[in-house]
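Peer 1: Here is a sequence together with a model predicted from it:
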Amino acid sequence: MAKQPLNQDRNFDELAARFKKNIYGGLKGEIRLAVLQRDFCEYIPCAPFGSASTAKRLRILDAGGGQGQFSLLFARAGHDVVICDISAEMLKLAEAVVAQDGLQDRVTLLHCAIQDLDCAIQDLAAHSLNAKAGFDLVLCHAVVEWMVEPQSLLPCLLGYLKPQGYLSFTFYNLNSLIYKNLLRTNFKKIIAQDYGGARGSLTPINPLAPAMVETWLASLPLRLLSRSGIRVFHDYIFDTENREREPENIIALELQYSKQEPFLSLGRYIHILAVKV
């Protein structure tokens, strides 16, 4: 199968339904949400999970947010959310949920790349949204690995954060991809360092080494709050029947080991929480 093009950021228009099912649906999606919710509850007072949300109404940017599965939880708790995405089809999924839940007054959907977000926000004068005002929280989940120039993303996101604003950032972990291919004896891939996904695949064009991302973070005015692995063992269970067995225990053990090495560094995704200083 042909490789995905390396000279353009990935657009999920033709894969929106599959992305929704495979990434956010089922036990994989439940594990992802469990880790994100745990991390937010531990470190960020605006987390709307399990208790009454903060009285302060926050401005939240979901950059490359697709269907907004995570950010819409904040909208339901009374916060203002802007979701931007390069995929019109992914935004249609978000729009359907926004309409179903009556969140139109709290959610703004922008069809644009993150690189074009500044212009898109400035065009929304009717919504009183000013790019220079900044956001209290910026979410950017599973986006950077689909970009041609991934190192450019974090400085871009930082420009939208207020001082003391929070950044929630996840990326596809190269370590996990190498380890899974080793277990499957796909040695040719390892020797050739051929890690980019095929066209139509949900394996990204730029899986990232955690050490590289940590170097990028260290160069920016950010204070690290939390680092967690997402799906630190679930994806290595090759028997599909066993992979879905005892979901409650799987989620509980994923949470237990998601902050412990060496399991953390084998997570399919890594979740970073940081605050702008």
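Peer 2: Everything's here; your move. Numbering: from 1, shown residues only.
Peer 1: host element of residue 117?
Peer 2: helix 117-122 (DSSP states H and E).
Peer 1: how about that helix: buried residues?
Peer 2: By neighbour count, with 16 or more other CB atoms under 10 Å as the criterion, the buried positions of helix 117-122 are 117, 120-121. Every residue, glycine included, has its C-beta placed from N, CA and C.
Peer 1: Closest one to residue 264 out of the residues you listed, please.
Peer 2: residue 117 (30.7 Å; CB to CB).
Peer 1: which residue is nearest the middle of this structure?
Peer 2: Centroid check for the chain by CA atoms, centre = their mean gives residue 141 as the closest residue, at 1.2 Å.
Peer 1: Next, give phi and psi for the nearest residue to that residue once chain neighbours are set aside.
Peer 2: Of all residues not flanking residue 141 in the chain, residue 170 sits nearest, at 4.4 Å (CB to CB, 6 or more residues apart in numbering). For residue 170, the backbone dihedrals (degrees, to the nearest 10) come out as phi -120, psi 150.
Peer 1: Run through the bridge partners of residue 170.
Peer 2: residue 141, residue 271 (DSSP bridges).
Peer 1: Please look at it and residue 145 and confirm they touch.
Peer 2: No: in this structure residue 170 lies outside contact range of residue 145 using CB atoms under 8 Å: 9.3 Å.
Peer 1: What is the end-to-end distance of stretch 147-162?
Peer 2: 24 Å (CA to CA, to the nearest Å).
Peer 1: Could you list the low-pLDDT ranges of this structure?
Peer 2: Residue ranges of the chain with pLDDT under 70: 1-25, 46, 49-55, 124-133, 197-201.
Peer 1: Return the list of helices and strands in contact with the longest helix belonging to it.
Peer 2: Identified as the longest helix of the chain according to DSSP state H is helix 26-43. Other elements packing on helix 26-43 under the criterion 3 or more CB pairs under 8 Å, 6 or more residues apart in numbering; DSSP states H and E are strand 161-172, strand 222-230, helix 247-257, strand 269-276.
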